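1. Task: produce atomic coordinates for the following.
(2 chains)
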Amino acid sequence: MSADVHSLIGAYALDALDDIERAAFDRHMRECEACRLEAAELRDAAARLADPAWSAPPPRLRENVLAEISKTRQVGPVPVAAPPGRARARSLRLVGAAAVILAVAAATTAVFVQEQRVRDAEAVAEAARASEARVRSVLSAPDVQVREQSLTSGGRVTVASSRLQNAGVIMLAADSPPASDRVYQLWTIRGTTPSSAGALGVGQSASVQLVEGLPGASAVGVTVEQAPAAQVPTTPLDALVELA
Amino acid sequence: MAERAHLTPVPGPEPEPATDAGTLLTAVARGDEKAFAKLYDLVAPRVYGLIRRVLRDPAQAEEVAQEVLVEVWRTAARFDPSRGSPTAWVFTIAHRRAVDRVRAEQASADRTMRAGVASVDLPYDAVADEVAVRLERQQVRHCLDDLTGLQRQAVTLAYYQGHTYPQVSELLNVPLATVKTRMRDGLIRLRDCMATGAAA
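-> Got it, this is the predicted structure:
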């Protein structure tokens, strides 16, 4: 099994794995110091392929990026929470996201779901079924896939999806709520058709949303809409998490 | 040619000592915006070029490059030297993000919702060609030429086109196990070739 996983090391360095294999490989590396070294070397080699792609960016990109960072809060170093001897086996983004969503969701799901119930009448039916146990069953499913994207407006959206449970959990953690008359809204996208997966309340910037049947969707989108919620997305995507 | 006047003074892909980008990144992690501007000049043409190469569409490439560069600022403190060089860390973020976007496009889920992206019409190719002939670029190309045909195709189809290895296997009509092996030994050969500076 481990030899099988290890044969993926070149594809891993080239980002040619799907999310399941990537997560499996990340787990493999946590157990294997030599693999981490080899993966780092192959990644360095792969990254050199960026050299011949050199292309002068439009000058406004520099202005835009420098303007953007001046109002972007930086995250701190990864907290050293791993047991002794494991500190260097820090996860990549995906597994990190999984750990974060498991820890955060376990601690806060009930609160967020409660908040959602109170604030968002449309989501009551969903939220009523979104018991903490159901959310946990998705997050702990053996086939759970976790994907994460930044929100253009600042923050992250994390989607955990399990085919075995035929459900998924969308966790939105924006840096701040949108303007006073606007709300974050979640969408599931099947083919090219978006349908609402619930909107947050005015002033709300975090939410955990259980979505039954989520693995049938091809993507999850986030927009900022006029409160209370929109029938179809009316603004550009704040984030898109591809699931297929 | 007139475009050159608008270029920011970015260094080309000459070999940069790893400590240089590393020093900058350390300063960036402490919130040093000037260091970030220097790091930008060092990596932005390759970040943008790589993303554009993968995505093809200059407007989307610019959008994704901005996300990536802001992400570098935001998460600089998370850089872990045991996982590779500082520039490799940046290009890995860029590549991952570009590939994520390609796969999202392949699912074509977001076409209808992405109407607001402004299109850009600047002669990037002309500008890029002006600055294209640089030692490192030649070296990487030389080293790519040094691979077997199958190694080169497996590596470039994955890296520049954003294909998964099963897709590469299908495109090249070779077994999965062969593709995995060629990706690995192709990268090892690239690494060794670039380390010896064989192209110089």
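
2. So what sits opposite A:V183 in the bridge?
-> Here A:V183 sits in beta bridges with A:E225, going by DSSP bridges.

3. tally of neighbours for it?
-> With neighbours defined by other Cβ atoms under 10 Å in any protein chain shown, the count for A:V183 comes to 23. Where you see a C-beta, it was placed from the backbone N, CA and C, and this is true even at glycine.

4. and it, what is it in contact with?
-> A:A199, A:L200, A:G201, A:V202, A:Q204, A:V224, A:E225, A:Q226, A:A227, A:P228, A:A229 (Cβ atoms under 8 Å, 6 or more residues apart in numbering or on different chains).

5. swap the cut-off to 10 Å and go again
-> A:119-120, A:177, A:199-204, A:223-230 (Cβ atoms under 10 Å, 6 or more residues apart in numbering or on different chains).

6. Go through the residues you listed and flag which are in strands.
-> Among the contacts of A:V183, the members found in strands (DSSP state E) are A:A199, A:T223, A:V224, A:E225, A:Q226.

7. Quick one, which of these are buried?
-> A:A199, A:T223, A:V224, A:E225 (16 or more other Cβ atoms under 10 Å in any protein chain shown).

8. So the first one sits against A:P228, correct?
-> Yes: taking Cβ atoms under 10 Å as the definition, A:A199 is a contact partner of A:P228 at 6.4 Å.

9. what about B:F91, distance to A:L66?
-> The gap separating B:F91 from A:L66 is 20 Å, by Cβ to Cβ, to the nearest Å.

10. what about the two, which has more around it?
-> Taking neighbours as other Cβ under 10 Å, B:F91 and A:L66 compare with B:F91 leading, 27 against 16.

11. Which stretches in chain A count as helices?
-> A:2-6, A:9-13, A:19-30, A:33-47, A:59-69, A:93-119, A:124-129, A:132-139 (DSSP state H).

12. Ok, chain B next?
-> Under DSSP H, chain B gives helices at B:18-29, B:33-55, B:58-75, B:86-106, B:124-130, B:135-145, B:149-161, B:165-172, B:176-196.

13. what would these look like in TSV with distance to A:S161?
-> Formatted as TSV, those follow (distance: least, Cβ to Cβ, whole Å):
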stretch	distance to A:S161
helix B:18-29	33
helix B:33-55	25
helix B:58-75	23
helix B:86-106	15
helix B:124-130	37
helix B:135-145	37
helix B:149-161	24
helix B:165-172	20
helix B:176-196	25
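
14. mind putting those helices in TSV, mean pLDDT included?
-> Shown next, in TSV, are those (pLDDT from 0 to 100):
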stretch	mean pLDDT
helix B:18-29	83
helix B:33-55	93
helix B:58-75	95
helix B:86-106	90
helix B:124-130	33
helix B:135-145	79
helix B:149-161	94
helix B:165-172	94
helix B:176-196	93
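
15. so can I have CSV of those showing distance to chain A?
-> What follows is the helices of chain B, written out as CSV (distance: least, Cβ to the nearest Cβ, whole Å):
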stretch, distance to chain A
helix B:18-29, 7
helix B:33-55, 3
helix B:58-75, 4
helix B:86-106, 4
helix B:124-130, 4
helix B:135-145, 5
helix B:149-161, 4
helix B:165-172, 4
helix B:176-196, 3
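
16. Let me know whether stretch A:64-71 sits next to chain B.
-> Yes: contact of stretch A:64-71 with chain B (Cβ under 10 Å from any Cβ of the partner chain) involves A:N64, A:V65, A:L66, A:A67, A:E68, A:I69, A:S70, A:K71.

17. Kindly provide the whole-number mean pLDDT of that stretch.
-> Mean pLDDT, stretch A:64-71: 95.

18. any idea how far B:V179 is from the residue sitting nearest the centre point of chain B?
-> The centroid of chain B falls nearest to B:L50 when counting by Cα atoms, centre = their mean (3.5 Å). Distance of B:L50 to B:V179, computed by Cβ to Cβ: 22 Å.

19. and B:A195, how many neighbours does it have?
-> 12.

20. now swap in B:I51 and tell me
-> 33.

21. Name all residues that make contact with it.
-> Here B:I51 is in contact with A:50, A:53, A:55, A:57, B:57-58, B:60-68, B:91, B:94-95, B:97-99, B:101-102 (Cβ under 10 Å, 6+ apart).

22. What separation do you get for it and A:T234?
-> Going from B:I51 to A:T234 by Cβ to Cβ gives 28 Å.

23. again with B:T92
-> Counting by Cβ to Cβ - B:T92 and A:T234 are separated by 35 Å.

24. again, but for A:P228
-> If you go by Cβ to Cβ, the gap between A:P228 and A:T234 works out to 13 Å.

25. Please say which of these two ends up with more neighbours.
-> A:P228 (16 against 12).

26. Ramachandran coordinates for the more buried one?
-> phi -90, psi -30 (degrees, to the nearest 10).

27. what's the spacing between it and B:V102?
-> Distance, A:P228 to B:V102, by Cβ to Cβ: 35 Å.

28. partner residues bridging the most centrally placed residue in chain A?
-> Geometric centre of chain A, nearest residue: A:E148, 1.7 Å, by Cα atoms, centre = their mean. Note on A:E148: beta-bridge partners A:T158, judged by DSSP bridges.

29. Isn't it up against A:L240?
-> No: counting by Cβ under 10 Å, A:E148 does not reach A:L240; the two are 11.8 Å apart.

30. Residue 188: how many residues sit nearby?
-> No chain was given, so I picked chain A. So A:T188, with other Cβ under 10 Å, has 24 neighbours.

31. switch to chain B, that's the one I care about
-> 17.

32. got the contact list for the residue lying closest to it once chain neighbours are set aside?
-> Among residues not flanking B:I188 along the chain, A:L42 sits closest, at 7.2 Å (Cβ to Cβ, 6 or more residues apart in numbering or on different chains). By Cβ under 10 Å, 6+ apart, the residues touching A:L42 are A:9-14, B:84, B:88, B:183-184, B:186-188, B:190-191.

33. give me that answer again for 8 Å
-> A:I9, A:G10, A:Y12, A:A13, B:R184, B:L187, B:I188, B:R191.

34. follow-up on the earlier one: select only the buried ones of the residues of stretch A:64-71 next to chain B in PyMOL?
-> Of the residues of stretch A:64-71 next to chain B, the buried ones go into a single PyMOL selection, burial set by 16+ other Cβ under 10 Å:
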select buried, chain A and resi 64+65+66+68+69
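
35. in stretch A:211-218, what's buried?
-> Buried residues in stretch A:211-218 (16+ other Cβ under 10 Å): A:V211, A:L214, A:P215, A:A217, A:S218.

36. next one: stretch A:50-59
-> A:A50, A:D51, A:P52, A:A53, A:W54, A:S55, A:A56, A:P57, A:P58.

37. and chain B, which of those reach it?
-> Counting by Cβ under 8 Å from any Cβ of the partner chain, A:A50, A:D51, A:P52, A:A53, A:W54, A:S55, A:A56, A:P57, A:P58 from these sit close to chain B.
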